[in-house]
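> 3D model of this:
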Amino acid sequence: MLSIITGIFGMDAQNMASILLDKGHEVVGTYRYSSVPLDDRLKTKPAFYQRLSLVCSDLTDASGTSRLIADYQPDYIFNLAAMSHVGASFNDPAATFNADTIGVLNLLEGIKLNSPHTRLYQAATSEMFGKNYDVKDGVPTQSIHTPFLPSSPYGVAKLASHHLINIYRAGYGIHAVSGILFNHTDIHRTPTFFERKVSIYAGKLARWKEANFVKDLTDLTFSNKFVCSKISGSTFPKLPLGTIEGVHRDIGWSYDYMRAALLMVEADDPKDYVVSSGEAYPLTDILKVIPDYSHFIYIDPEFVRPVDVPYLRGDSTPIREELGWSPTKSFHELIEMLVAHDSR
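Sure thing, here's the model as predicted:
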């Protein structure tokens, strides 16, 4: 079996590659050209990337994407390349649409014209629901049947690509599926995302406190954006955040969600599924990994989105019942894993 994974240096792609390599797949990982030298990227996990074939390819280049598919004739494509930061999509909506919609269209056209046997997995998102939800067991919930109402350029771009998946599946018989993934994270997640931003900060703060003889709040003085050790005089920046009060998220482990992606493309009946833990937690629960967190954070207008989604909780019953998927890490186990990694 030969699989192409786009966006190979991303969190989900690394986990997907690990799963496929363990199953004996030949894996081709694509990456977009960057001014960061490729060797610098490979230094993070050199032995891992030596097991892959790496190809520089930009999904927004229609002809290049078509050639890639024609050359490799892959069994599976996992499209995990995207402009995936909701907040950043407000600042650069055009780039978001190019990567998250046009890129998917180019993949679908490439499969249709060059390799119709190829099965495509598209990483969709809970952000497509926006503020819309149903009520299940008295709790706001989004399911595969909940109407979409995206609240960000990212959500709109992903929704457009989701509709394209359905059109090409129905119109051309392509085995293409969308995994509507709720929030998920891992130690590979970049620090621009909330969970990792908090866990990294918690580790750095703990090390700074120890180095500067800080035992409790009485050893500190506070300004708007800094804390200062009364003993050593050293300062440490507070953590700038966007909206946190009243925001709930359904958060799972990236590796688990990539297991779901593989089950979806392996299934003979191509269907879209919601992939989620089924539990929503307030963002303030994550902040509790920072002792007395309210003293160490501040709301920075730069990170406050023009429109935000207050509550995301996914109903993943169909994929659990039909494909036998279930998550292996709970929310609390996941946060503990991040903190343990970032506290070293």
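
> the helix ranked longest in the chain - contacts with which helices or strands?
Ranked by residue count under DSSP state H, the longest helix found in the chain is helix 153-172. Applying 3 or more C-beta pairs under 8 Å, 6 or more residues apart in numbering; DSSP states H and E, one finds that helix 153-172 contacts helix 86-91, helix 93-97, helix 103-114, strand 119-125, strand 175-181. All C-beta spots, glycine's among them, are computed from the backbone N, C-alpha and C.

> save those as CSV, and put in distance to Lys230 and mean neighbour count too.
Output for the helices and strands packed on helix 153-172, formatted as CSV (distance: least, C-beta to C-beta, whole Å; neighbours: other C-beta atoms under 10 Å):
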stretch, distance to Lys230, mean neighbour count
helix 86-91, 35, 18
helix 93-97, 46, 17
helix 103-114, 53, 22
strand 119-125, 46, 26
strand 175-181, 46, 25
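
> which one of the ones you listed lies closest to Tyr49?
strand 119-125 (20.8 Å; C-beta to C-beta).

> with adjacent residues omitted, what lies nearest to Thr118?
Leaving aside its sequence neighbours, Thr118 sits nearest to Ile111 (C-beta to C-beta, 6 or more residues apart in numbering; 4.8 Å).

> helices along this structure, start to end?
Counting by DSSP H, the helices of the chain are 11-22, 38-42, 46-49, 62-72, 86-91, 93-97, 103-114, 153-172, 194-211, 254-266, 283-287, 317-323, 331-342.

> quick one: closest of those helices to Ile5.
Nearest to Ile5 among the helices of the chain is helix 11-22; the distance by C-beta to C-beta comes to 5.0 Å.

> so what does that closest one touch, helix or strand wise?
strand 2-6, strand 26-31, helix 46-49, helix 254-266.

> what is the last one packed up against?
What it means is helix 254-266. Packing contacts for helix 254-266, counted by 3+ C-beta pairs under 8 Å, 6+ apart, involve helix 11-22, strand 76-79, strand 119-125, strand 175-181, strand 184-185, strand 273-275, helix 317-323.

> export stretch 207-220 to PDB, keeping only CA atoms.
Extracted C-alpha coordinates of stretch 207-220, given in PDB (Å, rounded to 0.1, in the frame of the first residue of the first chain):
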ATOM      1  CA  ARG A 207      11.300  26.300  36.200                       C
ATOM      2  CA  TRP A 208      11.500  30.100  36.600                       C
ATOM      3  CA  LYS A 209       9.900  29.900  40.100                       C
ATOM      4  CA  GLU A 210      12.400  27.300  41.200                       C
ATOM      5  CA  ALA A 211      15.400  29.200  39.900                       C
ATOM      6  CA  ASN A 212      14.300  32.400  41.500                       C
ATOM      7  CA  PHE A 213      13.300  31.000  44.900                       C
ATOM      8  CA  VAL A 214       9.500  31.700  44.500                       C
ATOM      9  CA  LYS A 215       7.500  29.500  46.800                       C
ATOM     10  CA  ASP A 216       4.100  31.200  46.700                       C
ATOM     11  CA  LEU A 217       2.300  34.400  45.600                       C
ATOM     12  CA  THR A 218       3.700  36.400  48.600                       C
ATOM     13  CA  ASP A 219       7.200  36.100  47.000                       C
ATOM     14  CA  LEU A 220       6.000  38.000  43.900                       C
END
